[in-house]
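Enquirer: Below is the sequence, then the predicted model.
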Amino acid sequence: MIAPVTGVTSRLLTRAIRRVEARWRELYGGTDSADIPRILAAAALAADRGDASFIESLTPRPALRLSLHLVDLLEDDLLAVWRRGDTAASQVLQTIARLRLVRAAIERRFQHLPGAPLVGIDGLEFLIEFVHDMRSPLNSLLLLADRLQQGWSGPLTPLQLRQLRLIYAASHALNTVTSNALQMTREWNQLEEPEARPFSVTKLLSEVQDVVRTLAAQKGLEVNFIRPNVDRRLGHPIELNRILLNLVTNALKFTRTGTITVNATDRDGSNVEFAVQDTGPGIHSAAQETLFQPFRRSSGASRATFSSTGLGLAITQRLVVALGGQLKYETAPGKGTLFFFTLDLPVA
């Protein structure tokens, strides 16, 4: 028995709504999906009665992108019904046509937004330039905050030191977002350094340590770095730096007490294993289902996720794969999380 949707007379739309709701819960969990039934019901009412104002009258008004996405999911479900032949084709196609009128009405509202010109390829190019413009001042802020903490301009009071650490942490978080956003504009296997080059693993780990030192001090945590026996390797240090920074800063984000250990270990042949272990709460089982998905929705404040957009871990996995490895993890409630991967890095 399909639960009815208030005001919706079409059984076809009612069944589609219930299937989309179930699919949404399966993908994103139930905590953040409270708005989904009312948006779906409003979209169905609009299609059922030929009046798009049902969505516009919702209070609070839902995000246009979310509304468009849910209308698309309804249409996908109806197209699946049409392909299976479960319902008369004329009825299904007529319902899809009405639903597309609702989508067109939402799109017209979308085009009146001040940011509408940013949608599409031209908008993407503009956003890429915008993010590039952010990187230089953010790097300057990081450098200045770091030097001030080291006493380059004289001694600091404890309050000034805490404030500088907050400035550094905020600047670093913004810098990470811009770097991850730029990486999302590249092809999956495109690296910033196309060719492998000689580098020092010890220097690489020291650079990561320099960046996260202030973040760890702010939370009263210790970060330990264990170097390999073989130092000079052939690889892509820029990408490796970004991978380790993503893993370490997020370990710091979710660890309240204890330590984070970053380990680079020589393995058989020319392989090197990199591992980041924290003493945090572990990753909730529900969060693990979408751990590597970018632009995912959080399953609730009490569940540890890599970031609100999911970009951090998605980018990290993407970079590890581009370098020829596979990002893996082990986690348990109350026992922390271990992320690790192995790369072929010939001795230089």
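Expert: That came through fine.

Enquirer: From the structure, what's the count of residues near residue 82?
Expert: 17 (other C-beta atoms under 10 Å). C-betas here are computed from N, CA, C, even on glycine.

Enquirer: Which element, helix or strand, includes the nearest residue to it once chain neighbours are set aside?
Expert: Distance criterion C-beta to C-beta, 6 or more residues apart in numbering; nearest residue to residue 82, sequence neighbours excluded, is residue 92 at 4.2 Å. Following DSSP states H and E, one finds residue 92 within helix 89-111.

Enquirer: List the buried residues for that helix?
Expert: 92, 95, 96, 98, 99, 102, 103, 105, 106, 109 (16 or more other C-beta atoms under 10 Å).

Enquirer: quick one, longest helix in this protein?
Expert: helix 121-149 (DSSP state H).

Enquirer: Which strands and helices lie in contact with the helix holding residue 92?
Expert: Judged by 3 or more C-beta pairs under 8 Å, 6 or more residues apart in numbering; DSSP states H and E, helix 89-111 is in contact with helix 11-28, helix 36-49, helix 53-56, helix 64-84.

Enquirer: export these to a markdown table and tack on distance to residue 254 and mean pLDDT?
Expert: As requested, those are exported to a markdown table (distance: least, C-beta to C-beta, whole Å; pLDDT from 0 to 100):
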| stretch | distance to residue 254 | mean pLDDT |
| --- | --- | --- |
| helix 11-28 | 20 | 85 |
| helix 36-49 | 27 | 85 |
| helix 53-56 | 37 | 74 |
| helix 64-84 | 27 | 87 |
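
Enquirer: which residues of the stretch 151-300 of the chain fall in strands?
Expert: 197-200, 222-226, 232-235, 259-266, 271-278 (DSSP state E, counting those that start in this stretch).

Enquirer: which one of the ones you listed lies closest to residue 77?
Expert: With C-beta to C-beta as the measure, strand 271-278 is the member of the strands of the stretch 151-300 of the chain nearest residue 77 (40.8 Å).

Enquirer: packing partners for the closest one?
Expert: helix 237-254, strand 259-266, strand 337-344.

Enquirer: still on that earlier bit, how far away is the residue nearest to residue 82 from residue 21?
Expert: According to C-beta to C-beta, to the nearest Å, residue 92 stands 19 Å off from residue 21.

Enquirer: And residue 225, by the same measure?
Expert: For residue 225, the distance to residue 21 - C-beta to C-beta - is 47 Å.
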